[in-house]
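Enquirer: got a predicted model here, sequence first, then my questions.
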Amino acid sequence: MKGLPLALRTLAALTLVATLFGCAAPAPLPDYRYYRLAPSTSVSAMDAVALSAPIVVNGVQADGVHGERPILYATDPDSLRISQYHYQIWNDPPPAMIQRRALHLFEQRGISSLVTSRLDPRIEAYRVSIRLNRFEIIRVDGVNREVVVGMRIRADFDGSRLPLMEEQYTVRRPAQGTSLTAGTAELSVAVDGILVEFADALAKMVAEQAETG
């Protein structure tokens, strides 16, 4: 370029620099995708309301990363190592989704005439506490194998010194295919199964206590 005028040499150099920077520009980041729990399982109402007092579902607690919005997966059945999807996340944190799900299913099941997340503490009520400790998809070689949901659920009645019941629930469901949507749908079914099982167990316990006086 020695024989070219200075202006042309400058223009050529700038063009070369722009070309080099264009080649080195990073690829655009993928779009975020947001997931909700699938529509809830349809459950029938009990023949009669099981609880004579309101039931309050407290805010759900979560162990470690299970309370965060990124969807979790593991490559071994025991989830000894958990990873997060980077651009595919829950629409809301799992504890908020599960609390709403519990409120909906308990109300649909008709376990009490009032199912709520907030109530004046002076009103006598059953109070449910949930801790989420498993909530992940098991994937091997990029393929869904199963989902795992684990919750520890406790039910108390105001004025009682001991809990009415406290149980660990762990449900595993097969989840085939590579679609993340299929995996989140199976997580939804597993959540519903645990919550309905708990509601029925609580109703049965209260009925048995009423019979024995």
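Expert: Nice, I can see it.

Enquirer: show me where pLDDT drops low in this structure?
Expert: 1-27, 29, 213 (pLDDT under 70).

Enquirer: for it, longest helix please?
Expert: With secondary structure taken from DSSP state H, the chain has its longest helix at helix 180-212.

Enquirer: could you pull out the buried residues of that helix?
Expert: 180, 182-192, 194-196, 198-199, 201-203, 206 (16 or more other C-beta atoms under 10 Å). Heads up, the C-betas are built off the backbone N, CA and C, glycines and all.

Enquirer: shouldn't Gln99 be within a strand?
Expert: No: under DSSP: H, G, I helix; E, B strand; the rest coil, Gln99 sits outside any strand and is assigned helix.

Enquirer: residues touching it, list them.
Expert: Val57, Asn58, Gly59, Val60, Ser117, Ile130 (C-beta atoms under 8 Å, 6 or more residues apart in numbering).

Enquirer: turn these into JSON lines, columns for distance to Met97, secondary structure and neighbour count.
Expert: Compiled in JSON lines, those are given as follows (distance: C-beta to C-beta, whole Å; DSSP: H, G, I helix; E, B strand; the rest coil; neighbours: other C-beta atoms under 10 Å):
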{"residue": "Val57", "distance to Met97": "13", "secondary structure": "strand", "neighbour count": "24"}
{"residue": "Asn58", "distance to Met97": "15", "secondary structure": "coil", "neighbour count": "15"}
{"residue": "Gly59", "distance to Met97": "12", "secondary structure": "coil", "neighbour count": "11"}
{"residue": "Val60", "distance to Met97": "9", "secondary structure": "coil", "neighbour count": "24"}
{"residue": "Ser117", "distance to Met97": "13", "secondary structure": "coil", "neighbour count": "13"}
{"residue": "Ile130", "distance to Met97": "12", "secondary structure": "strand", "neighbour count": "22"}
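
Enquirer: thanks again, I'm all set now.
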